[in-house]
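Asks: The sequence and its predicted three-dimensional model are supplied below.
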Protein chains: 4
Amino acid sequence: MKENDQLHEECGIVGVFGNPNAANLAYLGLYALQHRGQEASGIVSYDGKKFHQEKGVGLVANVFNENNLAALVGSSAVGHNRYSTAGDDGRANVQPLVGTHAFGTIAMAHNGNLVNADLLRTSLEASGSVFQSTVDSEVILHRLARSTARTLVDRIVDAVAGVRGAYSLLFLSEAVLIAVRDPYGVRPLLLGQLKTGYVVASESCVFDLIEAKYIRDIEPGEVIQIDESGITSFKPFPKVQPAQCVFEFVYFSRPDSIIFSQSVYGVRKRLGYELAKEAAIAADIVIAVPDSGVLAALGFSEAAKIPYDVGLIRNHYVGRTFIEPKEAIRHFGVKVKLNAVREVLEGKRVVVIDDSIVRGTTSKKIVKMIREAGAKEVHMRISAPPILSPCFYGIDTPNRNELIAATHAMDEIRKYITADSLAYLSMEGMFRAVYHSESGQNHHFCNACFTGKYPIPLDEAEVKQPSLFDLNMLTQS
Amino acid sequence: MKENDQLHEECGIVGVFGNPNAANLAYLGLYALQHRGQEASGIVSYDGKKFHQEKGVGLVANVFNENNLAALVGSSAVGHNRYSTAGDDGRANVQPLVGTHAFGTIAMAHNGNLVNADLLRTSLEASGSVFQSTVDSEVILHRLARSTARTLVDRIVDAVAGVRGAYSLLFLSEAVLIAVRDPYGVRPLLLGQLKTGYVVASESCVFDLIEAKYIRDIEPGEVIQIDESGITSFKPFPKVQPAQCVFEFVYFSRPDSIIFSQSVYGVRKRLGYELAKEAAIAADIVIAVPDSGVLAALGFSEAAKIPYDVGLIRNHYVGRTFIEPKEAIRHFGVKVKLNAVREVLEGKRVVVIDDSIVRGTTSKKIVKMIREAGAKEVHMRISAPPILSPCFYGIDTPNRNELIAATHAMDEIRKYITADSLAYLSMEGMFRAVYHSESGQNHHFCNACFTGKYPIPLDEAEVKQPSLFDLNMLTQS
Amino acid sequence: MKENDQLHEECGIVGVFGNPNAANLAYLGLYALQHRGQEASGIVSYDGKKFHQEKGVGLVANVFNENNLAALVGSSAVGHNRYSTAGDDGRANVQPLVGTHAFGTIAMAHNGNLVNADLLRTSLEASGSVFQSTVDSEVILHRLARSTARTLVDRIVDAVAGVRGAYSLLFLSEAVLIAVRDPYGVRPLLLGQLKTGYVVASESCVFDLIEAKYIRDIEPGEVIQIDESGITSFKPFPKVQPAQCVFEFVYFSRPDSIIFSQSVYGVRKRLGYELAKEAAIAADIVIAVPDSGVLAALGFSEAAKIPYDVGLIRNHYVGRTFIEPKEAIRHFGVKVKLNAVREVLEGKRVVVIDDSIVRGTTSKKIVKMIREAGAKEVHMRISAPPILSPCFYGIDTPNRNELIAATHAMDEIRKYITADSLAYLSMEGMFRAVYHSESGQNHHFCNACFTGKYPIPLDEAEVKQPSLFDLNMLTQS
Amino acid sequence: MKENDQLHEECGIVGVFGNPNAANLAYLGLYALQHRGQEASGIVSYDGKKFHQEKGVGLVANVFNENNLAALVGSSAVGHNRYSTAGDDGRANVQPLVGTHAFGTIAMAHNGNLVNADLLRTSLEASGSVFQSTVDSEVILHRLARSTARTLVDRIVDAVAGVRGAYSLLFLSEAVLIAVRDPYGVRPLLLGQLKTGYVVASESCVFDLIEAKYIRDIEPGEVIQIDESGITSFKPFPKVQPAQCVFEFVYFSRPDSIIFSQSVYGVRKRLGYELAKEAAIAADIVIAVPDSGVLAALGFSEAAKIPYDVGLIRNHYVGRTFIEPKEAIRHFGVKVKLNAVREVLEGKRVVVIDDSIVRGTTSKKIVKMIREAGAKEVHMRISAPPILSPCFYGIDTPNRNELIAATHAMDEIRKYITADSLAYLSMEGMFRAVYHSESGQNHHFCNACFTGKYPIPLDEAEVKQPSLFDLNMLTQS
């Protein structure tokens, strides 16, 4: 379970081409991808003559209504869900970004994070570009505008070539929908076929909902152009070793999705399985921190032959708008979301499975809650290795010094969260689960958050950039 | 899983007395009771001089914000969550209702349903009462006003004495909070102690959240007065055989609640256990229709020794505001909420556990979804007996002729929902689970929805009343 | 010009019967009557089967939109504009009030003020009535419900018979629209004919807008029933000397309206004429406090043969929502609404015409503003006698001790407002203007605000009632 | 009186520097300038570290509230009121525009219209600029970004140098507020002194409201920099013959403003005076089309010695949100705003004064309304020459072929509007009024709308550009 304001979900994107209900389908797609970003949402459609857009802060259900959705006419559309850093600053930052260039209008949706965006931005500004937002990928819009290539695909390749980082991108112009996945393939991006037209989306659960047929993953480094004549694939970038985000399996993606050609469900359950093999303990029941820990808990239970049970109930109505009561009774944070079931826990030795510990404060509250419900022992098991380093490729992690595993020894963490025992899954265990094989070797996944080894190079300057950049940031009051 | 517009959740109520954060605590309580009513919400507080109220249509999170919550000053408060029949008609119908009488202002919140409300209303109107809403319990406000008893408790007893039906009621006046539970005790109502002051609520999950200590259930037929001097209990009504709603265990209440002195979790899991004993079948996996079927599925799995797995994923972001796309791609109903996990289901003989089948349309879609994900066999198991009769005590069921089990033989239902086999839990099985005993005898529960035997008498006229009454109904356009 | 929060406009009402666009026409009527109440607005329509209502706080333009207006179907409708006493307390207080009785649902709209409402309310509450609002005329709904008369008209007559005060009332039931004017005829109420159906409204400007033909005034003490068979008139009340509100001419009504069978324009201009005859002064220009003083200023100018000019410009965009800047630069009150024109005023001896002085604070600011724009002399002339007494018949005046003319001598007032001279119109002058005759005798107008002689009897208790009543008042937070 | 959707008001701008209440003062300024643009409003402030912005569609009173205004912290601010072309397209188009450049963030507010914006935009896009809106002045932001000059003033001069058209501009950067008026001085822009700090605004009525002292007009072609060290003036552009918009006097500016060093009140009254001298007629009364025709009517009345009266009453509550009733009773347009006073008009020979006739449809309805109120003769007099040509410098006029005076002879117009006589003021008469002199010569005013002689050169292409440009336009759905 993720702590608020600490490890946010990333973004979800969806593009539809050649379907008379394009915006409606994009809307459904954003619904299915709501877990990837809950702070803001937008759709841009094109009707053959004009672009139409609707963007807003909030859940998909809050941003769109029958009226504004009906106004998004046209047979192509791109949509975006995102999280926001703080406050409601930045209505200007809600994607898709739209820019008008010499060759027409472009709407762009981005999932990922660019590590050299600030340097590129500085240089673009220095030579006369005017930025409308503080979205990192806006640099791509400007580089696009400066490309002298003839076709839009070539311009996009030009624009993206100098950009370093993680990016799954969708571009909607007047004639085409173009999808790009960075050479490392950090974020997922999949191609599907509708009865009429095509769809590109971050996860396959979108296809299930809108009854599209999964065609294939957009490959790392691939550019796909969808137009009236169909689909054309380009591989314009030098080939590198892929570095797909393993945390998509551990936490982010929906368990009913297939990404990186693997069922998230399967990986997540095997994570629990491996965890049981590595860190078994005598206990009466296995429970999960819902919902993210459920599948690993089931896997753990199966492998450890300890019964799985539902010891924590989640209140799914708790959204972003929960109002904390006044001082005297503050800090409801975890309690308003989770409640322990005494009937399950009383007098038991409990294994509780979560996918990660970030700052440790949430885990501490959960252990306390379980113990207050009568548990005799509380054994915390984490279905991934310790998070040691922040992500620079699209996941909003706190600074290294706020990551408890980066600054504390295992036993210190255990003491902090007041568990009777604590164990994390090993790196090899994680990759055994991911590859469903015995070796535990990592071939094409990024595991920087667990190792600090960043596959896409970071300059010293880049690592520190975010805070500097903020100084100039425009806020929406 | 409940079908939309068919079997709605009933209401949730909460009252706080003697705490400076009364309205804030009521707000938290309504959050915890959101599952009992999601269409409208309201809180009325009293600050020693004035009453303050805020009501609105929508979820608790949408109705209340920092500003309007801060304005609900005072040390006592009552709150109410409710469902609405249709459209947004009836902002006038959002509870708590507030009326001014000779002896002061009264705010009233009601969970349940009155079976002779229309007759009482007709008679009150005939002798000069003016109704402000179409809420059935408004008759109680008027009867209250006409009572000549001296104390408020006596007036309430007077007012309630002639009322037949299910009612858990909270009354807030200038000096006291009064809680009433009907003699049959149909709906739950519990008393808790705060560090400062008292709380009364529909379920114990409220107490867990606001850190109140559970004192005891308000008993069937009991009237509790809470004032500056503490708690006083009255038993003014003739004693009858209790008829607590068994469906609270089957579906309504939160599994982490204790109601009717039983853990909902425990009952629900045993329902699955009994179901397995009665209707075992050779299968590879047991899955649940989430979230309501999960505990019964775990019980079934344990008893049947068939592994439990997560074969259906629920999208918890789907709220009431989902916009169906245009004609061509309509009817997303179930799909937007649930998705099947092929990895789990492919090639498997699947037992799927749900708590009820109402019209059958949802079950049919679920079976289809499971089969399309590759299941070889789909065996539907229901953790309660067939629903044969509508509820007149507070649960919004369709008419008898829309209840598939009332009009179709078991095998017809199975064919309709396209399952390979179908079985319901027996009545005895259900009560074995409820009482956690071998006998399977029912002593003090209402099971009218499964039997058509209504413990609280209904006149022919009353049964038909609802539709007649509508003719005159005022709608909020 | 009226000071904010001091002398508010009263209410405006409109009823339409027998027209397929009933609610639309009521909406237009409320637009035309917006000057009579700007705090809240509501319409209730009836479509032959159901009542529909829409009410809200704010201007007509803010409360109604295409969607909610379209939902107000039916061929009969009543609408109401009102002012609110304080804060936004009382969404429950927005009229038309709707109540359900034995004989059906009634929507009621009231313009005026009842002087014995509190006594009636106390007695009704004592015998069991439950009040939904703090609107004074709600007592009529309850008395209606208790009447044993056979027809609705007779019930209304019953209900109104015991009520003392000023009331122009509209009742909409399922079959009829009934209009009632109190025996004194304090507030205006007019009957008009549409191409299809009938309209009743507070002022004739409604008829001009919706192209209705003025038929006649509803007479003091008359009850009009409009139904499918046409119009029926009743005169059920004992005849009394009429006491129509003269202040409707002085300030409230729109100058393009005809009320009490007189053109408001004509009266208002003659008020200026008489004022000039009584209180001439050597001056260079006559200006008005816009907009209410314009016609009297024109009349004064004509009679005094001093040129009229536009020395004060009003910003018509200033509504209720103006936000005062922080402390340092507070108190923009009058300035944000009015600005002086130096070109007009510089070096001039200025006569400035207003219709009244209430507390004096606004007049003081206006005089200061004129002087700062360069005026050599500022002579304030008021087109009515001094306001000495509060109104108990529907106009929101401050208490007597806040009325500057009630507590200060003429010269003290002059000094306070810093004018070089000050004169009010005499009582005879006012009635010369009203009757357009030489005598200056008052025959059938209420002038209690200028004399303290209340034509409708007030008990001591009643006069003091308002503040007592507030103690118990329910506020909408 | 202006017809809706035909001749819209232009924009209003205000900038504040060096005052702790900067945004509050800007808000007040926008209130005072609401008549210059009622479709959208925005304020950007700077607090020494960050920019804050709030923009929205609607009146100032609707866009700003206590919360969002309080969040606009800082001691400098710029604000903008604007009209929109159609629908609510273009939330992206609400000014001030904000762009981030190499040298920091710039907020820009523009009043006027650029005639070569499309050509500049095409060229900027061709060399890589990405546009965020379809606001014409966005080209200036981009040219600014490309300037290699060292100081911001020099960059602005660079940016503006190649721009042709009418522009009064405000730029807010982190350190300075810069005001620019185009060399022709088409739109007004004035400098004022606050007790603390400075203010720049479109009209002097802003200064009256916020108690600023008028210092002087920003001169045509002048650039003013306001920073911590005070005010610095630059005259960087080649000197040209000024061409200030004479229509500001005729219609746009508030009569209590001083612009172009002349009192609008004075000019407007003299327009009526000259009109009377040129086009006298035997009549009983002179009335105005309120509010814009009032002062000219007063001047006419005085000169023609025909009494002025109030024959048309304006309903000031009618805003943009008026909902036309359904088909059967459509086209309330003028009626809902204006009503005729029979008492004034009946049996009279009426001179009615308006400032312009655009398409003629409104005038026709007004004449009809006056005649239906009983006027014997209706003589229309217009206080300016006929409008023959569209404005390309900031006023939203219809195409030439929709301007009735451009396509019809005088007597055809008279017949169309059904007046008994019609006369316009002559060009000389207008300039006699403007200069308050006998000659009637025009020295430094633009009168292109009356003559078709455009002082700022227009290419054929530019004149036609607007419609072409629309094709590509991004709409906010």
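Replies: Noted; the coordinates are in hand.

Asks: Enumerate the beta-bridge partners assigned to the residue nearest to A:Val63 when sequence neighbours are not counted.
Replies: Leaving out its chain neighbours, the residue that sits closest to A:Val63 by Cβ to Cβ, 6 or more residues apart in numbering or on different chains is A:Gly56, at 3.7 Å. C-beta here means a position set from N, CA and C on the backbone, and glycine is covered the same way. Note on A:Gly56: beta-bridge partners by DSSP bridges are A:Ser41.

Asks: Quick check, A:Gly56 in contact with A:Arg82.
Replies: No: checked against Cβ atoms under 8 Å, the pair A:Gly56 and A:Arg82 is beyond contact range at 11.4 Å.

Asks: What is the burial count for the residue nearest to A:Val63?
Replies: When neighbours are defined as other Cβ atoms under 10 Å in any protein chain shown, A:Gly56 has 15 of them.

Asks: Mutual contacts of A:Gly56 and A:Arg82, please.
Replies: A:Ala40, A:Ser41, A:Val94 (Cβ atoms under 8 Å, 6 or more residues apart in numbering or on different chains).

Asks: In the stretch 1-150 of chain A, what residue lies closest to chain C?
Replies: In the stretch 1-150 of chain A, the residue that lies nearest chain C is A:Asn67 (9.1 Å; Cβ to the nearest Cβ).

Asks: And that residue, which helix or strand is it part of?
Replies: helix A:66-70 (DSSP states H and E).

Asks: Quick one: residues contacting the residue of the stretch 1-150 of chain A closest to chain C.
Replies: By Cβ under 8 Å, 6+ apart, A:Asn67 has no neighbours at all.

Asks: how much space between it and A:Glu54?
Replies: Noted for A:Asn67: a distance of 10 Å to A:Glu54, by Cβ to Cβ, to the nearest Å.

Asks: Look up how far chain D lies from the residue nearest to A:Tyr31 when sequence neighbours are not counted.
Replies: Distances taken as Cβ to Cβ, 6+ apart place A:Val60 nearest to A:Tyr31, at 5.3 Å, with adjacent residues excluded. Computed with Cβ to the nearest Cβ, to the nearest Å, the distance linking A:Val60 and chain D is 16 Å.

Asks: Tabulate the CA atom coordinates of stretch A:184-194 in PDB.
Replies: Only the C-alpha atoms of stretch A:184-194 are listed here, as PDB (Å, rounded to 0.1, in the frame of the first residue of the first chain):
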ATOM      1  CA  TYR A 184      14.600   1.400 -23.100                       C
ATOM      2  CA  GLY A 185      10.900   0.700 -23.100                       C
ATOM      3  CA  VAL A 186      10.500   1.900 -19.500                       C
ATOM      4  CA  ARG A 187       6.800   2.400 -19.600                       C
ATOM      5  CA  PRO A 188       4.400  -0.100 -21.300                       C
ATOM      6  CA  LEU A 189       2.500   0.800 -24.500                       C
ATOM      7  CA  LEU A 190       0.200  -1.600 -26.300                       C
ATOM      8  CA  LEU A 191      -1.500  -1.600 -29.700                       C
ATOM      9  CA  GLY A 192      -5.000  -2.900 -30.100                       C
ATOM     10  CA  GLN A 193      -7.600  -3.300 -32.900                       C
ATOM     11  CA  LEU A 194     -11.100  -2.100 -32.600                       C
END
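
Asks: List the buried residues of the helix or strand where A:Glu54 lies.
Replies: According to DSSP H and E, A:Glu54 maps onto strand A:51-57. Judged by neighbour count using 16 or more other Cβ atoms under 10 Å in any protein chain shown, the buried positions of strand A:51-57 are A:Phe51, A:His52, A:Gln53, A:Glu54, A:Lys55, A:Val57.

Asks: Report the mean confidence score over it.
Replies: Taken as a whole, strand A:51-57 carries a mean pLDDT of 90.

Asks: next structured bit after it?
Replies: For strand A:51-57, the succeeding helix or strand toward the C-terminus, using DSSP H and E, is helix A:60-63.

Asks: which helices and strands sit right next to that next one?
Replies: Packing contacts for helix A:60-63, counted by 3 or more Cβ pairs under 8 Å, 6 or more residues apart in numbering or on different chains; DSSP states H and E, involve helix A:22-32, strand A:40-46, strand A:51-57.

Asks: pull the CA atoms of the last one into PDB?
Replies: Same thing as strand A:51-57. What follows is strand A:51-57, C-alpha atoms only, in PDB (Å, rounded to 0.1, in the frame of the first residue of the first chain):
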ATOM      1  CA  PHE A  51      -9.500  20.000 -32.500                       C
ATOM      2  CA  HIS A  52     -11.600  19.900 -29.400                       C
ATOM      3  CA  GLN A  53     -10.400  19.500 -25.900                       C
ATOM      4  CA  GLU A  54     -11.600  19.000 -22.300                       C
ATOM      5  CA  LYS A  55      -9.300  19.000 -19.400                       C
ATOM      6  CA  GLY A  56      -9.700  19.300 -15.700                       C
ATOM      7  CA  VAL A  57      -8.400  18.500 -12.200                       C
END
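
Asks: and the angle from that strand to helix A:22-32?
Replies: 20 degrees (axes from the mean of the first three to the mean of the last three Cα atoms, to 10 degrees).

Asks: Grab the nearest non-local neighbour of A:Pro457.
Replies: A:Arg164 (6.9 Å).

Asks: From D:Ala406, how far out is that neighbour?
Replies: Distance from A:Arg164 to D:Ala406, by Cβ to Cβ: 60 Å.

Asks: just A:Gly272 next, same as before
Replies: Going from A:Gly272 to D:Ala406 by Cβ to Cβ gives 80 Å.

Asks: out of those two, which sits in the more crowded spot?
Replies: A:Gly272 (30 against 16).

Asks: hang on, the more buried one in a helix?
Replies: Yes: counting by DSSP: H, G, I helix; E, B strand; the rest coil, A:Gly272 is located in a helix.

Asks: So it sits against A:Leu295, correct?
Replies: Yes: under the criterion of Cβ under 8 Å, A:Gly272 makes contact with A:Leu295 at 6.6 Å.

Asks: Let me know the closest of the shared contacts of A:Gly56 and A:Arg82 to C:Phe237.
Replies: Checking the shared contacts of A:Gly56 and A:Arg82 against C:Phe237 by Cβ to Cβ gives A:Ser41 as the nearest, at 62.7 Å.

Asks: residues contacting the closest one?
Replies: Counting by Cβ under 8 Å, 6+ apart, A:Ser41 has contacts A:30, A:55-56, A:58-60, A:63-64, A:79-82, A:94.
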